[in-house]
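Chemist: I'd like to go over a predicted model; first the sequence, then the structure.
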Amino acid sequence: MSLPYNPALDGIRALSILSVVLFHCEVPGAHGGFIGLDVFFVLSGYLITSLLTAEHRHGGIEIGRFYARRALRLYPTLLLMVAVYVGLAPILWPAEDRWLSAVLAALYVYDYALAFWELAYTIGHTWSLGVEEKFYLLWPLVLPLLLRTRHPVRWLVFAFLAVTAWRYFVAMNWTWSQAYFRFDTRMSGILLGAIAALTHFKVSKHVLAMASVALLVLMALPSLPTSHQTEAVTLSITLAELSAFVLICYAAEHGRAKFLASAPMVYIGRLSYGIYLWHFPLALLLRDTQPLWITLSATLAFSFTMAAVCLHLVDTPLKRWRQKAWPQVRSTA
């Protein structure tokens, strides 16, 4: 059983990670670059639901095997980054409780930790991995039950609306951090990706153009006064999720889209996980003390290099071993 490789989806990963890096380096015109994470969430929901749905139709989901594949794909690079942080923290971040940060990142609970505690943020960007990891743990258990219902997409649409409403409620009644970081308030994009996987929604070029413009506008949003940031960010998340839904549906139908499927975009997309893990601590270290051009160039050079090392020397050998150990499993998700 296999899923056909779609290079345009790697192109979407590339656009997403570049927007996040520009945002974290505080590049002018990229104040809304955090929406790249929302695109990642929708894409993750689409890919994992597509994979698990195909398994469900061909004999059932092997939950243990799925968990093992996810762990082999994601954990080695994460643990390497955490180990480097622990080793360098006494020199670069001596005031931080590095062991607490390391444990929170390794256990994928930084999302709830940041929502409720005042913590060091040097590897706090792993909160988004916590959101996705909880999805990986729960979805193989929930999806088979959902697929047995008469109208699974209707249930997913209802869940998307409910989670979106819940995020707005939390944002307006409690704190911004609780609305932004937590799995229960951020899984709306993942649910939207699952809807895309089950509906195979057809996208016209006019709709694609509107979604692309919306993402560009959100990306270029200026910084707002603190009193309006909660409302603006919460609304931006929803608009980014809907625009990502359209973009991913288009890419799923047009896997050879010229720009998204170009060799540079595909390669950056393959590096995106490693870039995300490695870029943030350095960007955080440099952006308040160095000129923008140094922060951006050093962050890009370091994160791309480390991501390439992890891809070719860690991920690829592990993937080859996995395919030999489990020859019946072939997946690009």
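Modeler: Sure thing, it's come through. Keep in mind that what you see is a predicted model, and the values were worked out from it rather than measured. Numbers count the residues shown, from 1 in each chain.

Chemist: Residue ranges in the stretch 1-150 of the chain under the pLDDT threshold?
Modeler: Within the stretch 1-150 of the chain, the ranges that satisfy pLDDT under 70 run 1-2.

Chemist: swap the cut-off to 80 and go again
Modeler: Along the stretch 1-150 of the chain, the parts satisfying pLDDT under 80 run over 1-3.

Chemist: hey, where'd the helices end up in it?
Modeler: 7-24, 35-57, 63-92, 98-106, 110-116, 127-147 (DSSP state H, counting those that start in this stretch).

Chemist: In the fifth one, which residues are buried?
Modeler: Neighbour-count burial for helix 110-116, with 16 or more other Cβ atoms under 10 Å as criterion, is recorded at Y110, D111, Y112, A113, L114, A115. C-beta coordinates here come from the backbone N, C-alpha and C atoms, glycine included.

Chemist: give me every residue that touches the second one.
Modeler: It refers to D111. W127, S128, G130, V131, K134, F181, R182, F183, R186 (Cβ atoms under 8 Å, 6 or more residues apart in numbering).

Chemist: I'd say the first one and W117 touch.
Modeler: No. When contacts are counted by Cβ atoms under 8 Å, W127 is not listed as touching W117 (11.8 Å).

Chemist: okay, the two: which has more neighbours?
Modeler: Between W127 and W117, counted using other Cβ atoms under 10 Å, W127 has the larger neighbour count: 26 against 10.

Chemist: residue contacts, the more buried one?
Modeler: Neighbours of W127 in contact, by Cβ under 8 Å, 6+ apart: Y110, D111, A113, L114, F181.

Chemist: picking up where we left off before, would you list the buried entries among the contacts of D111?
Modeler: So, by 16+ other Cβ under 10 Å, the buried ones in the contacts of D111 are W127, S128, G130, V131, K134, F181, R182, F183, R186.

Chemist: Which members of the residues you listed are the farthest-apart pair?
Modeler: Spanning the widest gap among these are K134 and F181, at 12.2 Å by Cβ to Cβ.

Chemist: just to revisit the earlier point, so which of the helices of the stretch 1-150 of the chain gets nearest V217?
Modeler: Comparing the helices of the stretch 1-150 of the chain under Cβ to Cβ, the one sitting nearest is helix 35-57, at 10.2 Å.

Chemist: Run through the neighbouring helices and strands of that closest one.
Modeler: helix 7-24, helix 127-147, helix 188-199, helix 205-219, helix 226-253 (3 or more Cβ pairs under 8 Å, 6 or more residues apart in numbering; DSSP states H and E).
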